[in-house]
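*Asks:* sequence and predicted structure are below.
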Amino acid sequence: MASGGEQLLAGAAVADITPRTGGSLAGYAARVSASTAVHDPLLATAVAVSDGVTTSIVISADLIALDPDTTRRIAGDVRERTGVPEERVAVAVTHTHAGPAVTRGGIGGVADPRYVGHACSRIAGAAATALDALTPAVLRRGCGTLHGVAHNRRGGTLTDPAVPVVRLERENGEPIATVFSHACHPVTLGPGNLQVTADWPGYARRHLESRIGGVAVFLQGCCGQLNTGHTALDSLRGTEPQPGRTFQAAERIGTSVAEAAYGAATEPVAGPVSVAATRVELPLGDPLTPGELRVLADEPGGIWVEWALAQLADPGPAAVEVQVAVHRWGGVPLVFLPCEPFVEFAVELRAALGDPGLLVAGYTGGVPGYLPYPETHYAAGGYEIREAHRAYGLRAAFTPAAGRLVMAAARALAGEAA
């Protein structure tokens, strides 16, 4: 854990990571066609916060996921460019389902290593530019509320209406950055969409910047089972148009989130900057038997044929290493969880830390698969537990122990960073 003084400095930057058209789009197994156009740019937004002794860097990229080793690669590049230690760099994704494939599993697409290298360099460059822009700053914290955007696709009613906000301003009040979060899958555009887009988080950023100025940095919340109102099966059925899955709907949702962030009452907060981070090995379940894999591999037109063939050749590791981190800016905690965490993790952390406005970001430090809440979801099965790991190229879903390991690390780090 690192912490320092109390003179707050902040800087922000943006880099364009939009791919060329004609490449794979990640997010849906039913979508096999390449992208045909760019509807709106994909960006990497970065904010650096320092007290003159300790520096925290947070980056959010308009990508569906990043492998854990890719996030380490980016953090290592940031260290080489800036000297900021890797563990103090949080690398997150917004989880758009209309961007390029960038992971080994592909998640419905085939990654282009040239694009991955280009994007990683641009993402690290945004962090370095944000650090170069450090200037004396004032931090303000708040939390808005938004109901009705996110729906629980596993049939429950639990969602996360919180819209945590951290505003960073120059001492004269000029905006530097607004960091905000909400928990909802960016899947407004379905598998029939062939245009590159950041989905609703892109609309939210643009709207918030038009209202406040500065750089808007969106951090995806714990939205593992939360989306814009359809089931996982809807996205597996095919590429035919589906009601409500339009750019107009994405704009409406993004504007609603931005307005909730804009309207949140904020108060100034002062204090040192600190970062606490650790790496955790998450265990995977047992792989399918060779016989079970052959059944999938021989299924005509089956969506898991390639996964089954790859598993027959090599089932892969029995565990995946990820990073869990807690950054404190002026005493304001930001919790960064890996994977696609279910909403219950945010609920648990806010209750445990006594902070209903706590910003709990998922999709950070590596997104190798879903992280279901262990006490309430494994017995029910469903897509996230029975099938989704295949899209990530994993042998099986994470075991229930994985969620407890992440929670234990986050709660311990929150105390360490205090």
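*Replies:* Happy to help now that I have it. Residues are numbered from 1 along each chain as shown.
*Asks:* what comes up buried for the helix ranked longest in the chain?
*Replies:* Ranked by residue count and defined by DSSP state H, the top helix of the chain is helix 113-132. Neighbour-count burial for helix 113-132 flags 115-116, 119-131 (criterion: 16 or more other Cβ atoms under 10 Å). Where C-beta positions appear, they are placed from N, C-alpha and C, glycine not excepted.
*Asks:* which of those residues sits closest to G76?
*Replies:* In terms of Cβ to Cβ, no member of the buried residues of helix 113-132 lies closer to G76 than A124, at 8.5 Å.
*Asks:* who's in contact with the nearest residue to that closest one once chain neighbours are set aside?
*Replies:* Once flanking residues are discounted, A124 sits nearest to D77: 3.8 Å by Cβ to Cβ, 6 or more residues apart in numbering. Shown in contact with D77 (Cβ atoms under 8 Å, 6 or more residues apart in numbering): 120-121, 124.
*Asks:* measure D77 to P300 for me?
*Replies:* To P300, D77 is 44 Å away according to Cβ to Cβ, to the nearest Å.
*Asks:* also G156?
*Replies:* G156 sits 35 Å away from P300, going by Cβ to Cβ.
*Asks:* for E416, same thing?
*Replies:* The value you get for E416 to P300, if Cβ to Cβ is used, is 54 Å.
*Asks:* E292 too?
*Replies:* Distance from E292 to P300, by Cβ to Cβ: 17 Å.
*Asks:* and D62, by the same measure?
*Replies:* Distance from D62 to P300, by Cβ to Cβ: 36 Å.
*Asks:* swap in L194?
*Replies:* Between L194 and P300 the computed distance is 25 Å (Cβ to Cβ).
*Asks:* compare these two (neighbour count), which wins?
*Replies:* Neighbour count, other Cβ atoms under 10 Å: between L194 and P300, L194 has more, with 17 against 5.
*Asks:* can you count the residues close to the closest residue to that one other than its chain neighbours?
*Replies:* Nearest residue to L194 in three dimensions, chain neighbours excluded: T36, at 4.5 Å (Cβ to Cβ, 6+ apart). Counted with other Cβ under 10 Å, residues neighbouring T36 total 12.
*Asks:* pretty sure T36 contacts G23?
*Replies:* No: at 10.6 Å, T36 does not count as touching G23 under the criterion of Cβ atoms under 8 Å.
*Asks:* can you show me the strands along the stretch 251-400 of the chain?
*Replies:* All strands of the stretch 251-400 of the chain, identified by DSSP state E, counting those that start in this stretch, fall at 266-269, 274-283, 319-329, 332-336, 340-341, 359-361, 370-371.
*Asks:* the fourth one: how far from the chain's middle?
*Replies:* Right, the one you point to is strand 332-336. Strand 332-336 sits 14 Å away from the centroid of its parent chain (Cα atoms, centre = their mean, to the nearest Å).
*Asks:* how about residues contacting it?
*Replies:* 58, 90, 92, 139, 141, 166, 179, 219, 269, 271, 323-328, 349, 353, 355, 358-361, 364-365, 410, 413-414, 417-418.
*Asks:* so that strand versus strand 319-329, what angle?
*Replies:* Counting by axes from the mean of the first three to the mean of the last three Cα atoms, to 10 degrees, strand 332-336 points 170 degrees away from the direction of strand 319-329.
*Asks:* list the buried residues of strand 332-336.
*Replies:* 332-336.
*Asks:* nearest to T278, of these?
*Replies:* For T278, the nearest member of the buried residues of strand 332-336 is F336. The distance, counting by Cβ to Cβ, is 11.2 Å.
*Asks:* what is the neighbour count of the residue nearest to that closest one when sequence neighbours are not counted?
*Replies:* Nearest residue to F336 in three dimensions, chain neighbours excluded: T364, at 4.0 Å (Cβ to Cβ, 6+ apart). T364: 28 surrounding residues under other Cβ under 10 Å.
*Asks:* before we move on, what about V93?
*Replies:* Neighbour tally, V93, other Cβ under 10 Å: 25.
*Asks:* repeat that for G365.
*Replies:* G365, neighbours per other Cβ under 10 Å, totals 28.
*Asks:* what about the helices in this protein?
*Replies:* So, for the chain - with DSSP H - the helices run 68-82, 113-132, 199-212, 232-237, 247-262, 290-297, 305-313, 344-353, 383-386, 388-391, 400-416.
*Asks:* would you turn the ones you listed into TSV with mean pLDDT?
*Replies:* Formatted as TSV, the helices of the chain follow (pLDDT from 0 to 100):
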stretch	mean pLDDT
helix 68-82	98
helix 113-132	98
helix 199-212	98
helix 232-237	66
helix 247-262	98
helix 290-297	96
helix 305-313	94
helix 344-353	97
helix 383-386	94
helix 388-391	93
helix 400-416	95
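*Asks:* closest to T18 out of these?
*Replies:* The minimum distance between T18 and those falls on helix 113-132, with 9.5 Å, by Cβ to Cβ.
*Asks:* what residues does the closest one touch?
*Replies:* With contact meaning Cβ under 8 Å, 6+ apart, helix 113-132 is reached by 11-17, 19-20, 23, 44-48, 55, 57, 59, 61, 63, 70, 73-74, 77-78, 81-82, 84, 89, 91, 100, 102.
*Asks:* just to check, Q242 is in contact with G192?
*Replies:* Yes: applying Cβ under 8 Å, one finds Q242 in contact with G192, separated by 7.2 Å.
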